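1. task: produce atomic coordinates for the following.
(2 chains)
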Amino acid sequence: GIQVEQSPPDLILQEGANSTLRCNFSDSVNNLQWFHQNPWGQLINLFYIPSGTKQNGRLSATTVATERYSLLYISSSQTTDSGVYFCAVGHRGSTLGRLYFGRGTQLTVWP
Amino acid sequence: GAVVSQHPSWVICKSGTSVKIECRSLDFQATTMFWYRQFPKQSLMLMATSNEGSKATYEQGVEKDKFLINHASLTLSTLTVTSAHPEDSSFYICSARAFGLKRGGRYEQFFGPGTRLTVL
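-> I've put the predicted structure just below:
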């Protein structure tokens, strides 16, 4: 398989602050997705980003595949950003496309 | 686009009964669907991968006879927990890999809202 490590495991912020979440992976990937799991358990797709940089509103993500890491940036945090953020990768060479999940970052944003 | 539904959202059953969970891709065809379970405060654990019309591939340690998976069409997969026991209580989530979607990537997965199973 492939190992996925996320950091930090917990992050507490004041509303309005910026943050960076990191995802390291141990091998080449053909898929990398960032998710936000809301309090009801739904996984919301944030980014599909096996390489490069993308932005969507206050969120942006960068994956440097050659160095095997990805970063998720959250700017001007809001209380609604609270929840668990997961990074998941697909191993290059896997035709089934299974995802390997990290342990997640628990983000708490206080008003 | 790329919506995945699950039914039921939650279910409570008595020990020894069987429970069926449905996973549907509503606006796309899913060549491959995946079933995960998640315990409180933990990450998702892949249980099995299913392709339409073929047998599911189970992860090591997952009992095939306990967790029956059927992927009968390109929009529907079902997970049946047979003879459920309290230790089967968990949050079960399905995902689907799209076929022919214009948006997203070739390997991108979309997740259902999950089913919370409680076995008494």
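2. which secondary structure elements does the strand or helix carrying B:Met47 contact?
-> Counting by DSSP states H and E, the element that carries B:Met47 is strand B:44-51. Strand B:44-51 sits against strand B:29-38, strand B:57-58, strand B:67-73, with contacts defined as 3 or more Cβ pairs under 8 Å, 6 or more residues apart in numbering or on different chains; DSSP states H and E. All C-beta atoms are positioned from the backbone trio N, CA, C, and that covers glycine.
3. same thing but 10 Å
-> In terms of contacts (3 or more Cβ pairs under 10 Å, 6 or more residues apart in numbering or on different chains; DSSP states H and E), strand B:44-51 is packed against strand A:99-101, strand B:29-38, strand B:57-58, strand B:67-73, strand B:76-81, strand B:90-99.
4. in TSV: those strands, plus mean neighbour count, mean pLDDT and distance to B:Thr17.
-> Listed next are the helices and strands packed on strand B:44-51 as TSV, based on neighbours: other Cβ atoms under 10 Å in any protein chain shown; pLDDT from 0 to 100; distance: least, Cβ to Cβ, whole Å:
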stretch	mean neighbour count	mean pLDDT	distance to B:Thr17
strand A:99-101	24	94	30
strand B:29-38	23	92	18
strand B:57-58	18	94	22
strand B:67-73	17	91	14
strand B:76-81	21	96	9
strand B:90-99	24	90	16
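5. can you lay out those as CSV showing distance to A:Arg58?
-> Below are the helices and strands packed on strand B:44-51 laid out as CSV (distance: least, Cβ to Cβ, whole Å):
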stretch, distance to A:Arg58
strand A:99-101, 24
strand B:29-38, 27
strand B:57-58, 39
strand B:67-73, 38
strand B:76-81, 34
strand B:90-99, 25
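6. average pLDDT for stretch B:42-56?
-> Averaged across stretch B:42-56, the pLDDT comes to 90.
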